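[1] Could you work out the structure for the sequence below:
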Amino acid sequence: MIYMLKKRFYILLFFCLLLGGNVNSSTVDKGDNNAPFENKSTETDYLPIADPFVMLYNNKYYAYGTGGTVSEGFACFSSDDLKNWKREGQALSADDSYGKWGFWAPEVYYIQSKKKFYMFYSVEEHICVATSDSPVGPFRQESKQPIWEEKSIDTSLFIDDDGTPYLYFVRFTDGNVIWVAQMTDDLMKIKKETLSECIKAEEPWELLQAKVAEGPSVLKKKGMYYLIYSANHYQNKGYGVGYATSKSPIGPWTKYDKNPLLQGDEPTGLVGTGHGAPFQCKDGSWKYIFHAHWDSTKVQPRTSYIKDFAISDQRTVSIGGPLIRPQVLTDNLTSK
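    Numbering: from 1, shown residues only. So this is what the prediction gives:
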């Protein structure tokens, strides 16, 4: 009798453990995406930066942009999947840079030949460059001076196949106008004698509120150069993205006759979409990160989103596909 009771007890215990195991397994199986973040919570359900830029380095994505930090300078965020981001802290502080206000539009590149990361950015309407040994910083200027003395904003670096570095940026020559110049080999200054005008606002969609062409990015594919840019005032709901092509990195540039590529996003209700940058993903495909207004009634704080980006064999650029809405997670174990 005692033997039978013990047997029934162990059988019952076995089934309880088995059932418990199944419940725990099904909880994890509801989404593999949730498994790595079981000890994390959401800091913000959006990526709190404007003028965003993403760099892929060592199989991890790093994002930088205007804002996103409590003090002057720039924050850095990292991600493995483009959806869930981690705040890495302050990438550049005002104490390590020329200028004290107006830190805008950072872009970061790893320069293999120099074994360093270079951050190009604007501060007090002057363009600057700082360096670091890490993608998360701290970035510092060895000499706290701008790249050149003239007021300028919105820098973007392009290094051609022959190793020549070019810096695209905005000058205030006729509204906001995109220019290019070759850089010195140390990437610290521009060669003023090589300055060349690229893009100015002239089309109706580019002139809805102000004469503005800004936020340049340049790519090269099969001998053709593609200059992706934003136009119109960023506060306007019709702020958008277009592109132009050239057979030379200094132009002349021909605008695509069906611009803008991106001007709001009707399915999601986004407005004020623009000033982003294309970036390559882990699988070799490309995406485009851009900012939008907070909502249809309020511009600030601007937040960032991601869409697919492609250049076809017919030399046509497209921005489309499903919208990725990044969020910033915080580690519960370290935030207590």
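[2] Sheet partners, orientation included, of the helix or strand Phe169 falls within?
    Applying DSSP states H and E as the criterion places Phe169 in strand 165-171. Strand 165-171 pairs in its sheet with strand 152-159 (antiparallel), strand 177-182 (antiparallel), by DSSP bridges.
[3] The ones you listed into JSON lines, with extra columns for distance to Lys100?
    Placement of C-beta: from N, CA and C, glycine included. Converted to JSON lines, those look like this (distance: least, C-beta to C-beta, whole Å):
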{"stretch": "strand 152-159", "distance to Lys100": "16"}
{"stretch": "strand 177-182", "distance to Lys100": "26"}
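[4] Would you reformat those as JSON lines and include mean neighbour count, distance to Glu124 and mean pLDDT?
    Converted to JSON lines, the strands paired with strand 165-171 look like this (neighbours: other C-beta atoms under 10 Å; distance: least, C-beta to C-beta, whole Å; pLDDT from 0 to 100):
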{"stretch": "strand 152-159", "mean neighbour count": "22", "distance to Glu124": "10", "mean pLDDT": "98"}
{"stretch": "strand 177-182", "mean neighbour count": "22", "distance to Glu124": "19", "mean pLDDT": "98"}
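[5] who wins for proximity to Ala91 among the ones you listed?
    When the strands paired with strand 165-171 are ranked by proximity to Ala91, the top entry is strand 152-159, at 15.5 Å, counting by C-beta to C-beta.
[6] For that closest one, output the C-alpha coordinates as CSV.
    Written as CSV, here are the backbone C-alpha positions of strand 152-159 (Å, rounded to 0.1, in the frame of the first residue of the first chain):
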residue,chain,number,x,y,z
SER,A,152,28.7,75.9,-42.7
ILE,A,153,26.7,72.8,-41.5
ASP,A,154,25.8,69.2,-42.4
THR,A,155,29.0,67.4,-43.2
SER,A,156,29.3,64.1,-45.0
LEU,A,157,32.5,62.2,-45.9
PHE,A,158,33.0,60.3,-49.1
ILE,A,159,36.3,58.5,-50.1
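[7] tell me the mean pLDDT for the strand holding Phe169?
    Taken as a whole, strand 165-171 has a mean pLDDT of 98.
[8] got the CA positions of it in PDB?
    Extracted in PDB, the C-alpha atoms of strand 165-171 (Å, rounded to 0.1, in the frame of the first residue of the first chain):
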ATOM      1  CA  PRO A 165      38.500  62.100 -49.600                       C
ATOM      2  CA  TYR A 166      35.700  64.500 -50.300                       C
ATOM      3  CA  LEU A 167      33.600  66.500 -47.800                       C
ATOM      4  CA  TYR A 168      30.100  67.400 -48.700                       C
ATOM      5  CA  PHE A 169      28.500  70.100 -46.600                       C
ATOM      6  CA  VAL A 170      26.100  73.100 -46.600                       C
ATOM      7  CA  ARG A 171      27.200  76.700 -47.200                       C
END
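[9] circling back: determine which of the strands paired with strand 165-171 approaches Asn84 most closely.
    When the strands paired with strand 165-171 are compared by C-beta to C-beta, strand 152-159 sits nearest Asn84, at 26.8 Å.
[10] Pull the distance from the closest one to the chain's centre.
    Centroid separation for strand 152-159 versus its chain: 14 Å, with C-alpha atoms, centre = their mean, to the nearest Å.
[11] returning to that earlier point: of the strands paired with strand 165-171, which is nearest Ile190?
    Here strand 177-182 is closest among the strands paired with strand 165-171 (C-beta to C-beta), at 4.1 Å.
[12] Just after that closest one, pick out the following helix or strand.
    Downstream of strand 177-182, the next assigned helix or strand under DSSP H and E is strand 196-199.
[13] Who are the packing partners of that next one?
    Using 3 or more C-beta pairs under 8 Å, 6 or more residues apart in numbering; DSSP states H and E, the elements in contact with strand 196-199 are strand 177-182, strand 213-221, strand 224-231.
[14] Tell me the pLDDT of the closest residue to Ala130 other than its chain neighbours.
    Distances taken as C-beta to C-beta, 6 or more residues apart in numbering put Phe139 closest to Ala130, at 4.0 Å, once the chain neighbours are dropped. At Phe139, the pLDDT value in this model is 98.
[15] and Phe139, how many neighbours does it have?
    29 (other C-beta atoms under 10 Å).
[16] circling back to that earlier point, deepest of the helices and strands packed on strand 196-199, which one?
    Neighbour counts (mean count of other C-beta atoms under 10 Å) averaged over each of the helices and strands packed on strand 196-199 peak at strand 224-231, with a mean of 25.
[17] Dump that strand to PDB, keeping only the CA atoms.
    The C-alpha trace of strand 224-231 is given here as PDB (Å, rounded to 0.1, in the frame of the first residue of the first chain):
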ATOM      1  CA  MET A 224      27.900  56.700 -61.200                       C
ATOM      2  CA  TYR A 225      27.800  59.000 -58.200                       C
ATOM      3  CA  TYR A 226      24.500  59.500 -56.300                       C
ATOM      4  CA  LEU A 227      24.000  62.500 -54.000                       C
ATOM      5  CA  ILE A 228      21.000  62.000 -51.700                       C
ATOM      6  CA  TYR A 229      19.800  65.200 -50.000                       C
ATOM      7  CA  SER A 230      16.900  66.800 -48.200                       C
ATOM      8  CA  ALA A 231      15.100  70.000 -49.200                       C
END
